[in-house]
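# Quick check, what structure comes out for this input:
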Amino acid sequence: MVFDPHVFTEFRFLAAHIDRDTMRVEFDFELAGDGHSEMFHESLIFTPVRQGRAVDWPRVEGLVTILGAVLGLSYYKAAAPPRYVISQPGMTQAGVDYLREVIAHGLGEFAFRNGLDGLLEPEIVVSSGGASAFPVEAHLTPEGDPLVPIGGGKDSVVTVELLAAARMHPVQFAVNPNQVMYRVGRIKGHPLISVTRDLDERLLELNDQGALNGHVPVTAINSLISLVQARIIGLGPVVMSLEASASEATLTWNGVEVNHQWSKSERAESLLHDMLGPQAGLSAGAYFSLLRPYSELQIARYFSGLREYHPVITSCNRAFRRGVEDARWCGDCDKCRFIFLILAPFIPSSSLTRMFADNLLDNASQREGYRALLGLHEHRPFECVGEQAESMVALGWVASMAEWRGTVVVRELLAEIPDLASPHPDLEEQVLGVRGSAVSMPGEFENLGAILG
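Numbering: from 1, shown residues only. Have a look, this model is predicted:
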C-alpha cells in the first residue's frame, strides 16, 4: 500500500466524547478527499476527581474542544490538506485564532523539513457553528496546589524544588510516564499523577506507507492536557518549566522564523493566554512558566546543587521514544551534548562523566555536534537546546577550568576560536541577565525564581 497525501483535501475534527464516570476522553478525526478517507481515533484517560468533589464541566469541556483541535495535528500532518474542519461543538473564535497560529508555527519545522512551499495556512471552518466566548467577568484564576508537568529532566525538577522551598505543595504530572519520570518524581515524595494517551496505531502504518511526518508542537498538546487535568481535580495553576532560550529561532526560512521549540516560546505562551479566557473561562494566571525569565545556564547552576537528582534525571529524547520504557542518556545527540556542556561548569568532571557514562567533551566524535551548538553550522540543531550564546559562554567557562581545558573537544574548539576562553562580559550579561518578567505570573509566584538570577 502507498499513501498519497495529495489526494486528501480536508482534515476533520469530528467529535470529542467525555465519559464523566471514568474520565476517559475519546477523539475522532478524519482525513478526507474525493473517494478517499482515513479515520483516526485517540483516547486520553485522566486521573479522576476524588469522590464527592464537583467538576467544573463547562471549563473542562471548553478545554477539551481546543485540546482535540491541537491533538488532531498529529493526524492532520499526514497529508497537511488545505482545509481544517471542526465539527465538534464548543469552538470559539479565540480557539480558531489560536489553532491557526499553532498550525503555522508549531508545524513550522515540519513544513520546512518536508520541503513545503511555506508555513501551513489551511482554511479553518467551524461547521458546528462556533461557540460564544466566556464573558470576561467569568474568567477564573485557579487557586490551590500547583500542577507541575514533569519530563524527567532538570528544568521541571528546579520548578518543583522552587515551589517546595516556598512551602507550596506541587503536584507532579506526566503524560504516559515511563520509569525515568517515576524515579525523578519519587525523589522528594511529592505526589505524581498521570494521563494515559493512546495514539491511533493507524498513523504509524501510514507513516510507513508514505504519509508526511515530522515534528509536532508537543508542548502545546501537553500544556492543554495539563490544563484539563488541573480542572478535573480542582487544582491551582499549571506551572511550566520553560526557559528564556526556548524563544530563539532555529533558522529563518523564506523570511520567517522557524523554531523547533516554538510551543515552548514566550510567544506561544502569550497566545495560549489570549485563548484561555474566551475558550475556557480561565485567566492568564491559570498557566505560566516559572522559569521564563531565566537562561539554561542559570537553571543548570541551581540544579547542580540538587545532588540527589543527578543519578536519575534524563533529558535525552531517545529515552522517551515510543516503546522505550527505561533508558538513560544516549551520549550522542544534540540534547546530551548541550546538557553535558551547561552542567560542566558546575559539576565535577568525574561526577558528570558518571552521569552520562562518557566524558562528551573528551570524545573527538562529539566535535561537530558542539560546533553546531556554537553556531558554526548552517543553523542551530532541531532539538530542545539553548541559545548559541549560552553554549559560547559555557564553553568559555570550561575552557578556563583545569579539569576541562585539556579535553579533546575543548582543545580543538579553542584552536578554531582562539578567543573563546577570553572574558566576554557583554555576552555573559546577555545570557545571565533576567530576561524580563514571566508571562502573567500570579503575584505569589513572582519572586520564587529570584535565586536563579
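
# Tell me where the stretch 151-300 of the chain has strands.
Assigned by DSSP state E, counting those that start in this stretch, the stretch 151-300 of the chain shows strands spanning 171-175, 192-198, 238-240, 251-253, 256-258, 287-289.

# Tabulate the ones you listed (TSV), appending mean pLDDT, mean neighbour count and distance to Met355.
Every C-beta, even on glycine, is put in place using the N, C-alpha and C of the backbone. What follows is the strands of the stretch 151-300 of the chain, written out as TSV (pLDDT from 0 to 100; neighbours: other Cβ atoms under 10 Å; distance: least, Cβ to Cβ, whole Å):
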stretch	mean pLDDT	mean neighbour count	distance to Met355
strand 171-175	98	23	21
strand 192-198	97	17	22
strand 238-240	97	27	25
strand 251-253	94	14	31
strand 256-258	96	18	32
strand 287-289	96	24	25
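
# looking at the ones you listed, which is closest to Gln430?
Among those, strand 256-258 comes nearest to Gln430, with 18.7 Å by Cβ to Cβ.

# Direction included, what does the closest one pair against?
According to DSSP bridges, strand 256-258 forms sheet pairs with strand 251-253 (antiparallel).

# Need the contact partners of the strand it pairs with.
108, 112, 257-258, 378-380 (Cβ atoms under 8 Å, 6 or more residues apart in numbering).

# can we see that at 7 Å?
112, 258, 379-380 (Cβ atoms under 7 Å, 6 or more residues apart in numbering).

# Kindly give a single PyMOL line that selects the buried subset of those.
In PyMOL, this line selects whichever of these come out buried by 16 or more other Cβ atoms under 10 Å:
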select buried, resi 112+258+380
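
# Out of the contacts of strand 251-253, which is nearest to Phe303?
Distance to Phe303 across these (Cβ to Cβ) is lowest for Arg380, with 22.4 Å.

# For the residue lying closest to that closest one once chain neighbours are set aside, give its distance to Leu297.
Spatially, and ignoring its direct neighbours in sequence, Arg380 is nearest to Thr250 (4.8 Å; Cβ to Cβ, 6 or more residues apart in numbering). For Thr250, the distance to Leu297 (Cβ to Cβ, to the nearest Å) stands at 19 Å.

# Which of the contacts of strand 251-253 fall in strands?
Using DSSP state E, the subset of the contacts of strand 251-253 located in strands is Val258.

# Between Thr250 and Leu297, which has more neighbouring residues?
Leu297 (26 against 20; other Cβ atoms under 10 Å).

# which residues touch the more buried one?
Neighbours of Leu297 in contact, by Cβ under 7 Å, 6+ apart: 342, 390, 393-394, 431-432.

# Most neighbours out of these, which is it?
Ile342 (30 neighbours).

# What helix or strand is that one located in?
Here Ile342 sits within helix 334-343, counting by DSSP states H and E.

# ok, then the element right after that helix?
helix 349-356.

# name the helices or strands packed onto that following helix?
Packing partners of helix 349-356 (3 or more Cβ pairs under 7 Å, 6 or more residues apart in numbering; DSSP states H and E): helix 334-343.

# by contact count, what packs against the helix it packs on?
Using 3+ Cβ pairs under 7 Å, 6+ apart, helix 334-343 sits against helix 296-303, helix 349-356, helix 367-373, helix 388-399.

# The same query, at a cut-off of 10 Å, please.
Judged by 3 or more Cβ pairs under 10 Å, 6 or more residues apart in numbering; DSSP states H and E, helix 334-343 is in contact with helix 154-165, helix 296-303, helix 349-356, helix 367-373, helix 388-399, helix 408-416.

# Out of the ones you listed, which gets nearest to Leu290?
helix 154-165 (5.0 Å).

# Could you tell me which residues within the closest one count as buried?
Buried, per 16+ other Cβ under 10 Å, within helix 154-165: 154-163.

# export those residues to TSV and tack on distance to Ser245 and pLDDT?
Shown next, in TSV, are the buried residues of helix 154-165 (distance: Cβ to Cβ, whole Å; pLDDT from 0 to 100):
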residue	distance to Ser245	pLDDT
Lys154	13	96
Asp155	11	96
Ser156	16	97
Val157	17	97
Val158	14	97
Thr159	16	97
Val160	20	98
Glu161	20	97
Leu162	18	97
Leu163	22	97
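
# and the end-to-end length of stretch 115-122?
17 Å (Cα to Cα, to the nearest Å).

# no no, stretch 390-407
Stretch 390-407 end-to-end distance (Cα to Cα) = 20 Å.

# rewinding a little: and Leu116, which of the helices and strands packed on helix 334-343 is closest to it?
Among the helices and strands packed on helix 334-343, helix 367-373 sits nearest to Leu116 (Cβ to Cβ), with 23.9 Å.

# Could you list the buried residues of the closest one?
367, 369-373.

# Looking at those residues, which two lie furthest apart in space?
Pairwise distances among the buried residues of helix 367-373 were taken by Cβ to Cβ; the largest, 10.9 Å, belongs to Arg367 and Leu373.

# is it true that Ile18 lies in a strand?
Yes: counting by DSSP: H, G, I helix; E, B strand; the rest coil, Ile18 falls inside a strand.

# now the helix or strand of the chain with the lowest mean pLDDT and helix 296-303, what's the angle there?
For the chain, counting by mean pLDDT, DSSP states H and E, helix 425-432 ranks last in confidence among helices and strands (a mean of 78). Angle of helix 425-432 versus helix 296-303, following axes from the mean of the first three to the mean of the last three Cα atoms, to 10 degrees, is 60 degrees.

# how about helix 425-432: buried residues?
Those would be 428, 431-432, for helix 425-432 by 16+ other Cβ under 10 Å.

# Kindly report the same for stretch 254-268.
The neighbour-count check on stretch 254-268 (16+ other Cβ under 10 Å) flags 257-268 as buried.

# Roughly how far does the residue nearest to Val136 when sequence neighbours are not counted sit from Thr92?
Excluding the flanking residues, the one nearest Val136 by Cβ to Cβ, 6+ apart is Gly277, at 6.8 Å. Separation of Gly277 from Thr92 (Cβ to Cβ): 10 Å.

# Overlap of the contact sets of these two?
133-134 (Cβ atoms under 10 Å, 6 or more residues apart in numbering).
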